[in-house]
Every structure is written in structure tokens, then in C-alpha cells.
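Asks: Quick one, fold the following:
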Amino acid sequence: MRGLRMSVLPVTVVAHLTAIATTALVLVWLLKLRGGLAWNAQPPASFKVFNVHPLVMVIGFVLVAGEGAGIMAYKTIGGRRRVRKASHLALHLIALFAGVFGVVVVFRYRHQIEAQHMITLHSWLGIITVASFGAAFYMFRGAQMSAKASYLPWHIFVGSIIFLMAVGTALTGIVRQFAILGLGNDQEGHIVNSIGLLLVLFAATVGLTVVLPYEK
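Replies: Reported below is the predicted structural model:
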């Protein structure tokens, strides 16, 4: 079994690099190939409002939540436990705000184009995931210090499930956009598919960092 022992450091490096690569591809996709971002754009340019949704959900929600799940908070940042806990809390708070904002943006966009709301599996999963993230954040953050140690296994389990739900929701959104945009064997199609593959790799590395022991 000693041969199976693995250091957490190279895994966190891969996770960080994967997050950076994903961010770069999302920015290229939305800013260069999809026409950019906007908040008040009206039809026919309202698609720029929608572009804000995948930006904040992939980068602000999925990637930041993944970093907060263990990579940055407990496996990369050294020093006192209080510092690591503060970074964990801050990253998850940023992710929560990004998730809520991403939902607001897509509702705003669909209202502008007079489209129905909440009709796809992606939208259902998205609402459930953001709501679950917020509920878990509130419950575990508000727990008494004396009870937090006993809650830790559940905190890790619930957090991991919600993170995987976030990644899965992002993947369903990517598949949906691929179909709506009629993408294929072209540059944009390759970029969109690559974003999906990188998210899967990111999820795998985050999961591995959670189970590997912290190295002081």
C-alpha cells in the first residue's frame, strides 16, 4: 500500500493549471467568438447579456467553489488553521454570490427575449445546485464550534456532492449551447468541448485533493 501513497502538491498544481486553462478558454469563447458581454443590450444584441451567465457560472461559481473546496483553502495555503478557514469561507462566499448573480442574469436574458423560464434539466439543476450551496453555506457556517468537528464528515460529503452537481450542471449547459448554436467540427466547437473536458479534469483533481491528507 505504500506504493499507492500520493502527494497532494502535484495534484493541486494540475488543478490550478486546469482552472487557469478553463478560464482562458471561456474568455476566448465569450469575448472573441460570441461577441462579448453586456448588461443592458437589447435584441438583436441581447445574446451579450446571456454571455455573462456562462462567464460567472463557470469561472465565478464552479472554479471558485472548487478552489474553496480544498485546493486553495486547505491544501495550498500554509500557515495557521484560522487563515485556511478564512480563505475557505471567502472563496465559498464569492462562489455563492456568483451563482446567485448568474441565475439573475439568465432570468433577465430570457425575460428580454420573452422566453419561458425553467423548462430544461439544466435550469432545474442550476436552481437546485445554487439553492443547495446557499443552504449548506448557511447551515455549516452557523453551526456551533463544539458541533463543527462532528459535522465535518457531513460537511465534506455534502460539499462534494454540491460541487459535483455544479460541474454536472455546467456540462449540461455546455451541451445545450453546443446544440443551440449548431456547433460542429470547427474552432468554436472544439473550444466548447475542451471547456467541458477541462471541467471534468478539474472536478477529478478537486475530489482527489479533498481525500488526500494536508501536507504541512
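
Asks: So which bits of the longest helix along the chain are buried?
Replies: Taking DSSP state H as the criterion, the chain has its longest helix at helix 145-180. Of the residues in helix 145-180, 158-160, 162-163, 165-174, 177-178 count as buried by neighbour count, 16 or more other C-beta atoms under 10 Å. Backbone N, C-alpha and C define where each C-beta goes, glycine included.

Asks: next one: stretch 127-138
Replies: Neighbour-count burial for stretch 127-138, counted by 16+ other C-beta under 10 Å, picks out T129, V130, S132, F133, A136, F137.

Asks: so can I have a markdown table of the residues you listed showing pLDDT?
Replies: Formatted as a markdown table, the buried residues of stretch 127-138 follow (pLDDT from 0 to 100):
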| residue | pLDDT |
| --- | --- |
| T129 | 98 |
| V130 | 98 |
| S132 | 97 |
| F133 | 96 |
| A136 | 90 |
| F137 | 85 |
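
Asks: Tell me which of those residues fall in helices.
Replies: T129, V130, S132, F133, A136, F137.

Asks: residues in contact with V100?
Replies: V130, G134 (C-beta atoms under 8 Å, 6 or more residues apart in numbering).

Asks: Can you give me the pLDDT of the closest residue to I156 other than its chain neighbours?
Replies: Nearest residue to I156 in three dimensions, chain neighbours excluded: V210, at 6.5 Å (C-beta to C-beta, 6 or more residues apart in numbering). On the pLDDT scale, V210 is placed at 84.

Asks: Likewise for N51?
Replies: Taking N51 on its own, its pLDDT is 97.

Asks: how far is the helix or strand hosting it from where the chain is centred?
Replies: For N51, the host element (DSSP states H and E) is helix 47-55. Here helix 47-55 shows a centroid-to-chain-centroid distance of 16 Å under the convention C-alpha atoms, centre = their mean, to the nearest Å.

Asks: now stretch 132-144
Replies: Per C-alpha atoms, centre = their mean, the centroid offset for stretch 132-144 relative to its chain is 18 Å.

Asks: do stretch 60-72 as well
Replies: 7 Å.

Asks: Please export the C-alpha coordinates of that stretch as CSV.
Replies: The C-alpha atoms that make up stretch 60-72 are tabulated as CSV, following Å, rounded to 0.1, in the frame of the first residue of the first chain:
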residue,chain,number,x,y,z
GLY,A,60,-17.1,32.5,-10.6
PHE,A,61,-19.2,29.6,-9.3
VAL,A,62,-17.7,26.3,-10.4
LEU,A,63,-14.0,27.2,-10.4
VAL,A,64,-14.0,29.4,-7.3
ALA,A,65,-16.1,26.8,-5.4
GLY,A,66,-13.7,24.1,-6.4
GLU,A,67,-10.7,26.2,-5.3
GLY,A,68,-12.5,26.8,-2.0
ALA,A,69,-13.5,23.2,-1.6
GLY,A,70,-9.9,22.3,-0.6
ILE,A,71,-7.3,23.3,-3.1
MET,A,72,-6.6,26.9,-2.0
